[in-house]
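**Q** task: produce atomic coordinates for the following.
(one chain, ligands or ions: 1)
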Amino acid sequence: MADSYMGKFLLVDLTNETSRTVPTPQWLKDQFVGGKGFGAKLLYDLVPKGVDALSPENVLMFFPGPLTATAAPSMRACAVTKSPLTGTYLDSFFGGRLGPEIKYAGYDGIIIFGKAPKPVYLWINDDQVEIRPAGTIWGTNALEANALIKEEINEPDAMLAAIGQAGENQALFALICCEYNRQAGRGGAGAVMGSKNLKAVAIKGSRLVKVHDPEAFDKACKGACEEIALSAECATYTDGGTSSAVPWSNEIGTLPYKNYYTQSDPQADKIGDEGQKKHLFLGKAACFGCPIRCSQMGAVRTGKYSHFITDIVEYESAALLGSNLDIHDPRAVAHLTKLCDEYGLDSMSAGGVIGFAFEAAERGVIQAPDGVVLAFGNVQGAEYLIKSMAFQEDDLGRLLSQGVKRASAVLGKQTMDYAMHVKGLECPAWGPRGTPGMGLAYMTADRGGCHQRGFMIGYDMGDEYNGEPVEMYQTKGRAGILIELQNFLAGTDALVKCDFSQCGVSPESFAAMLSAATGRQVDEDYFDLLGERIWNQTRMFNVREGFLAKDDTLPRRFVKQVLPDGPHKGHRVSEADMDYMRRDYYNIRGWDEEGRPENVTLQRLGLDKAPVFKERP
Ligand code: SF4
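**A** Now for the predicted structure:
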């Protein structure tokens, strides 16, 4: 029976320089579907408890989904590993064309074990798998590595996942750059790649991706595209990209300003979509098969930072390297973002770390090196820190490259008051004081402080839920809404859909596309149960690593300091708020008081008796 799976995984052993393929198990497809689902189960099975994330025992995996590389709109891929930054489960999603190429080469996933004795890159050309010496490519930035490897293998159409210097030096929030402008950004997958002496994965394939019922699939994809075309929310992304969220976030009082001291920035419009367009906009771009086309290409054309091509800066980077640092020249923010991309640092964590460092310097806790000013509004100070964290040239850079959690542990207890992270992952750019549901989303996200596992801001601001308006500032009821969101998103992340397409595509259309592609007949409720299974699987990994209720918490600033101004002036997420929401959340999830899934929950989800994936290269 034809389906949209390619039928095998590629297992690579870098230590012994071998590789082989194994069939994609039917039980894995049935219970976990693909993408995040495969990642959640295989990380649990392949990485024993307590393994150092930067040791050869950790694995690095790349998964497309069952709809990637088909006509289904906006399907992507993910990197999955144990995070060196948090010690938790980590998945990090990326667009572009690398995911489709993995399937064209014939694989449902690539699983990388071990550590190469010397720097290498992997060249996968359909069935041919070569582990090649990286030579002088080691030491280059992520974009240079991409170009050099394509030249060396003489394949300009190959797709690449590469690390920059930050990954080589194992900065704990190093990213993987997929092609030139798509990143698996969060949580330090690039540091894991660096720890394996793996500079890049280059891949090219020539296979067709089949579907079970082409006619029904075509109809389902057309339906999904029509829904996207009619979606006002998708249209916002098409028009302005995510940078259009900057003025909105400021208006509703969630935009971080000066290391989240407050959540309102009087100059926010300068770094929003309109502000950026004046200086940067060139044209539109898109990931493979995406009708939304949220990407906006740009170039800095004037001023000190002119003459480089870049994406227009996305919301999270604009906020965390812009308003959070009190920097409002969009050209400077684009420059800082570009540096992060080239050296291979997660721009979100970089913004959080630099904000922390600026505040620590202004409080006299850290000293700036001679000739460097570490202060809010100082672009050169931010630039200095990005370089020093990527290259680890001095003690300050080495310390900060470990993230704010570790840095504050070294610098002293008082700095924890403004170390903005959850489980070690620097917070996203949606301040939760005044929006407690978003706070709960950060507390419970499986990879640490993350906004993409359940975006609660709309409900926190009074949107309707099941036909009833949600009351602002209330903690009651938030857990139930969030759990529904988390389950659905985890379920559709098994398809590795883009979060923005999910704003338009209905659960019915996701189900119709999956049914027609795979022959597994599912309905619109399917993703809720699938997502719940996946969410519990990632929780099992985190609990095994020692993460319990004490870790499901928010940074002190959100808990102790009320907002001094803005729409939510006087608000915080208190200890009592967190206690209530946490207990409610665990109760609905079927977890015990420490946040461990109860046996009855695991039995209901089929996780107690799931087979174990034991294949090794
Ligand atoms: S909406 Fe944007 S990020 Fe998502 S798939 Fe389309 S172009 Fe890529």
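**Q** from now on I want contacts and neighbour counts done on CA atoms only, so please keep to that.
**A** Noted.
**Q** how about the residues of the stretch 351-500 of the chain by the ligand?
**A** Proximity of the stretch 351-500 of the chain to the ligand (CA under 6 Å from any ligand atom) is limited to residues 498, 500.
**Q** show me the helices in the stretch 351-500 of the chain, by range?
**A** Assigned by DSSP state H, counting those that start in this stretch, the stretch 351-500 of the chain shows helices spanning 379-391, 395-400, 404-411, 436-444, 457-460, 478-493, 499-502.
**Q** rebuild those helices as CSV, extending it with mean neighbour count and mean pLDDT.
**A** Listed next are the helices of the stretch 351-500 of the chain as CSV, based on neighbours: other CA atoms under 10 Å; pLDDT from 0 to 100:
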stretch, mean neighbour count, mean pLDDT
helix 379-391, 23, 98
helix 395-400, 19, 97
helix 404-411, 19, 98
helix 436-444, 28, 98
helix 457-460, 20, 96
helix 478-493, 23, 98
helix 499-502, 18, 83
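**Q** just put the ones you listed in CSV and tack on distance to residue 104.
**A** Listed next are the helices of the stretch 351-500 of the chain as CSV, based on distance: least, CA to CA, whole Å:
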stretch, distance to residue 104
helix 379-391, 34
helix 395-400, 40
helix 404-411, 40
helix 436-444, 36
helix 457-460, 38
helix 478-493, 20
helix 499-502, 23
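**Q** residue of the stretch 101-250 of the chain closest to the ligand, please.
**A** Taking CA to the nearest ligand atom, the ligand has its nearest neighbour within the stretch 101-250 of the chain at residue 237, 7.0 Å off.
**Q** please settle this for me: is that residue part of a helix?
**A** Yes: secondary structure assignment places residue 237 in a helix (DSSP: H, G, I helix; E, B strand; the rest coil).
**Q** just give the nearest non-adjacent residue to it, would you?
**A** Excluding the flanking residues, the one nearest residue 237 by CA to CA, 6 or more residues apart in numbering is residue 294, at 5.1 Å.
**Q** quick one: pLDDT of the one you found?
**A** According to the prediction, residue 294 has pLDDT 84.
**Q** for the protein, longest helix please?
**A** Longest helix of the chain, by residue count under DSSP state H: helix 526-544.
**Q** the strands in the stretch 451-600 of the chain, which residues?
**A** Taking DSSP state E, counting those that start in this stretch, the strands of the stretch 451-600 of the chain run over residues 464-465, 468-469.
**Q** run me through the strand neighbours of the last one, direction for each.
**A** When pairing is defined by DSSP bridges, strand 468-469 lines up against strand 464-465 (antiparallel).
**Q** any idea how far the partner strand is from the chain center?
**A** Relative to its parent chain, strand 464-465 has a centroid offset of 27 Å by CA atoms, centre = their mean, to the nearest Å.
**Q** show me the contact partners of that strand.
**A** Applying CA atoms under 8 Å, 6 or more residues apart in numbering, the contact partners of strand 464-465 are 459, 470, 481.
**Q** which residues are in contact with whatever residue of the stretch 501-617 of the chain ends up closest to the ligand?
**A** Minimum separation of the stretch 501-617 of the chain from the ligand (CA to the nearest ligand atom) falls at residue 501, amounting to 5.9 Å. Neighbouring residues of residue 501 by CA under 8 Å, 6+ apart: 73-74, 228, 234, 292.
**Q** swap in residue 595?
**A** Applying CA under 8 Å, 6+ apart, the residues contacting residue 595 are 543, 548-549, 586.
**Q** show me what the helix or strand containing residue 297 is in contact with.
**A** Assigned by DSSP states H and E, residue 297 belongs to strand 295-300. If you take CA under 8 Å, 6+ apart as the criterion, strand 295-300 is touched by 238, 240-241, 279-286, 306-312, 331, 334.
**Q** go again using 6 Å as the cut-off
**A** 280-286, 306-312 (CA atoms under 6 Å, 6 or more residues apart in numbering).
**Q** neighbouring strands for that strand, and are they parallel or not?
**A** Assessed with DSSP bridges, strand 295-300 is paired to strand 281-285 (antiparallel), strand 308-311 (antiparallel).
**Q** nearest residue to the middle of the chain?
**A** residue 92 (3.9 Å; CA atoms, centre = their mean).
**Q** that one in helix, strand or coil?
**A** Per three-state DSSP, residue 92 ends up strand.
**Q** still on that earlier bit, dump the contacts of residue 501 to CSV, plus neighbour count, secondary structure and distance to residue 323.
**A** Output for those, formatted as CSV (neighbours: other CA atoms under 10 Å; DSSP: H, G, I helix; E, B strand; the rest coil; distance: CA to CA, whole Å):
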residue, neighbour count, secondary structure, distance to residue 323
73, 25, coil, 33
74, 27, coil, 30
228, 24, helix, 31
234, 23, helix, 25
292, 24, coil, 27
